[in-house]
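A.B. asks: build the 3D model from these lines:
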Amino acid sequence: MKYRKPIIFKTLVACLLIFLTSNISVFAFDINSKINIYKTSDSEYRDQINISSIKNTNYINFYVDQYWWSKQTTIDQAKVANFAIALGSEFEYNIYPKLIKVLPNITSWISYNQKLNLVLTPMNGSIQGYIRQEDFNSQTKTNTSNGGTIVYFNANNILNPSMSNTILFSFFAHEFMHIITFWEKNIYYSVSEDTWLEELRSEYLANYLGYNKSSDSYLNFRLQNGVSLTDINLVNWNNANNSYSLINLFGIYLVQRYSSDIVFSTLASKATGIDSINNYLAKHGFKERFKDIYQDWVIANVLNNCDLNIDYCYKDIDVQINIPGTSFYLPMNNDSVLSISDSLASYQTKYQKIVGGSDNLELTLENTKNNIYQKIPYILIDKNNQKTLSFFSFNTTTEQKVIFKNYSKSYANIIIIPMFASNAENASQIFKWNINSTKSLNVIPGTKPTTKPSTTTKPITKITTTTNPQFGTATPIIINITNPTKPSFFSKISSSILSFFQRIFLR
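C.D. replies: Numbers count the residues shown, from 1 in each chain. This next block holds a predicted model:
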């Protein structure tokens, strides 16, 4: 890939200017005094700890929380020491060599003479590690700085028997990529990366380093609790476990279409987020833009079939994602009407799965002119689980309608995939869809259908709902539509007899 050429003189001058203007420390911190940590991440709710050195390798200095270390058995201390040896070797012979091929500037701030510092300390819950941006400042400039290039790593994970070295190496690589992003974006270009793209790089790095090739892969770790596709909102990052699973999948999908260059080259630009992706696509002559890739990926999560379209599948990984969406239930033998109103923030997607439905189905979807998505996908799933992709097209109108005859005989489900994006900041949109499900009249050949008076016609169930009026925070609800049954002839007779005896005996 084309990257900033690692010309020695220019690199040295750039690093010197960065150091002089930013007060950044690239030296190891002072272990003779307490160091600062994040209280909210610490299992003991501390904001400072004492540390001890347990291992120095060619590129990494390993330190351990003295309090935590003193509580461990000799066997567990040996496990930690062995992990330090394993990670030191992995970094020197796999992680570092692979990364400097695509990110050569790393050598200017991590080398034999300027080592990375790794602090092992116990953390809360599912926290795997973190970096502190204040550590990049000198202690004279920021009094909470520890004065070094430091990764804080959850020590408890090392002793967890379910955590293989493959997963632990992936945790480390994730945090190391955050450091790379800070150096490349915040320091070199003086910009802050969009959170979703920074997390995408950190999650994708495990795949690039080869940590998704075994049964104990990092991807399997991320997907072990399943993936919820009911509500996708990657660009507006919410830091949930499901967000990391989804951004991991999106990163792998992005690279399978364009190579890893699209992930790493976005570091070599002042552009951030979606703009940096679009700049890459334009520079390399691709006609699609981020919005097109995003929509294809959203579709791929349901179809995942390379035989249908190479852009609607995961071709490099074997991943099976359950059909997503909130289920809206329609009666199969009665007439019914369902109206849904919900909201979408920019680049938010909510899969809407409809189960059931009568003979004929009339589906209407509303869109707005400010939505850059003027084609909204929907997927029909037949009785044999075969999927057919179609689109609502809003070229000249803001409302589109499709009609399915013999729906209940041919199809089991339909998934509508409303999606919204706007060039305006903090934009949001109300979306609406309506279903009219009707049962066909059984007409004897040669006769004309008779129309019953409106007073005796079968009632149609109507439900209208607004799932949540708050923009960007709506969570679709499950709706069961029931059609009131008319009393049978025998129930009417029984009721009359009961009423007769009540009048006689209760006088």
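
A.B. asks: centroid-nearest residue for the chain?
C.D. replies: Leu246 (2.9 Å; Cα atoms, centre = their mean).

A.B. asks: after the helix or strand where it lies, heading C-terminal, what element do we hit next?
C.D. replies: Assigned by DSSP states H and E, Leu246 belongs to helix 241-258. Following helix 241-258 in sequence order, the next helix or strand is helix 261-264 (DSSP H and E).

A.B. asks: rewinding a little: just give me how far the helix holding Leu246 sits from the chain centre.
C.D. replies: 7 Å (Cα atoms, centre = their mean, to the nearest Å).

A.B. asks: please identify the buried residues of it?
C.D. replies: Within helix 241-258, the residues scored as buried using 16 or more other Cβ atoms under 10 Å are 242-256, 258. Bear in mind the C-beta positions are built from the backbone N, C-alpha and C, glycine included.

A.B. asks: can you check stretch 400-407 too?
C.D. replies: Across stretch 400-407, burial judged by 16+ other Cβ under 10 Å covers Gln400, Phe404, Tyr407.

A.B. asks: contacts only, for Thr57.
C.D. replies: Ala84, Ile85, Gly88, Ser89, Phe91, Glu92 (Cβ atoms under 8 Å, 6 or more residues apart in numbering).

A.B. asks: again with Ile100
C.D. replies: Per Cβ under 8 Å, 6+ apart, neighbours of Ile100: Ile106, Thr107.

A.B. asks: where does it land on pLDDT?
C.D. replies: Model confidence at Ile100, given as pLDDT, is 97.

A.B. asks: give me the phi and psi for it.
C.D. replies: phi -70, psi -10 (degrees, to the nearest 10).

A.B. asks: can you check Val319 too?
C.D. replies: With angles defined as degrees, to the nearest 10, Val319 sits at phi -130, psi 130.

A.B. asks: for Ser53, name its beta-bridge partners.
C.D. replies: Tyr63 (DSSP bridges).

A.B. asks: is it true that it touches Phe62?
C.D. replies: Yes - when contacts are counted by Cβ atoms under 8 Å, Ser53 is listed as touching Phe62 (7.1 Å).

A.B. asks: roughly how far does the residue nearest to Asn233 when sequence neighbours are not counted sit from Asp342?
C.D. replies: Closest residue to Asn233 apart from its sequence neighbours, by Cβ to Cβ, 6 or more residues apart in numbering: Gln348 at 4.3 Å. From Gln348 across to Asp342, the span is 10 Å (Cβ to Cβ, to the nearest Å).

A.B. asks: what two of the contacts of Thr57 are the furthest from one another?
C.D. replies: Largest separation among the contacts of Thr57 by Cβ to Cβ: Ala84 and Glu92, giving 12.5 Å.

A.B. asks: neighbour-wise, which of the two wins?
C.D. replies: Ala84 (22 against 14; other Cβ atoms under 10 Å).

A.B. asks: wouldn't that one be in contact with Ser53 here?
C.D. replies: No - with contacts counted by Cβ under 8 Å, Ala84 stays clear of Ser53, the gap being 10.3 Å.

A.B. asks: what helix or strand is Thr364 located in?
C.D. replies: Per DSSP H and E: strand 360-366 holds Thr364.

A.B. asks: same for that strand, what does it pack against?
C.D. replies: When contacts are defined as 3 or more Cβ pairs under 8 Å, 6 or more residues apart in numbering; DSSP states H and E, strand 360-366 packs onto strand 399-404, strand 411-416, strand 428-438.

A.B. asks: who does the residue nearest to Asn233 bridge with?
C.D. replies: Here Gln348, judged by DSSP bridges, has bridge partners Phe420.

A.B. asks: where along the stretch 301-450 of the chain do the strands fall?
C.D. replies: Shown for the stretch 301-450 of the chain, the strands assigned by DSSP state E, counting those that start in this stretch span residues 326-330, 336-345, 348-350, 352-356, 360-366, 375-382, 387-393, 399-404, 411-416, 419-420, 428-438.

A.B. asks: pairing partners for the fourth one, with directions?
C.D. replies: Same thing as strand 352-356. Partners of strand 352-356 in its sheet, by DSSP bridges: strand 326-330 (parallel), strand 411-416 (antiparallel).

A.B. asks: angle of the last one against strand 428-438?
C.D. replies: This points to strand 411-416. 160 degrees (axes from the mean of the first three to the mean of the last three Cα atoms, to 10 degrees).

A.B. asks: distance from the chain centre to strand 411-416, please.
C.D. replies: On Cα atoms, centre = their mean, the centre of strand 411-416 falls 23 Å from that of its chain.

A.B. asks: and stretch 106-114, by the same measure?
C.D. replies: The answer for stretch 106-114 is 33 Å, by Cα atoms, centre = their mean.

A.B. asks: end to end, how far does it reach?
C.D. replies: Its first and final residues considered, stretch 106-114 spans 11 Å by Cα to Cα, to the nearest Å.

A.B. asks: okay, buried residues for it please.
C.D. replies: Within stretch 106-114, the residues scored as buried using 16+ other Cβ under 10 Å are Ile106, Ser108, Trp109, Ile110, Gln114.

A.B. asks: for that stretch, what is the average pLDDT?
C.D. replies: On average, stretch 106-114 scores 94.

A.B. asks: ditto for stretch 439-450
C.D. replies: 48.

A.B. asks: which parts of stretch 56-71 are buried?
C.D. replies: Buried residues in stretch 56-71, counted by 16+ other Cβ under 10 Å: Thr57, Tyr59, Ile60, Asn61, Phe62, Tyr63, Val64, Asp65, Trp68, Trp69.

A.B. asks: kindly reformat these as a markdown table containing pLDDT and distance to Lys439.
C.D. replies: Below are the buried residues of stretch 56-71 laid out as a markdown table (pLDDT from 0 to 100; distance: Cβ to Cβ, whole Å):
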| residue | pLDDT | distance to Lys439 |
| --- | --- | --- |
| Thr57 | 97 | 73 |
| Tyr59 | 98 | 71 |
| Ile60 | 98 | 70 |
| Asn61 | 97 | 74 |
| Phe62 | 97 | 71 |
| Tyr63 | 97 | 72 |
| Val64 | 97 | 70 |
| Asp65 | 97 | 68 |
| Trp68 | 98 | 67 |
| Trp69 | 98 | 72 |
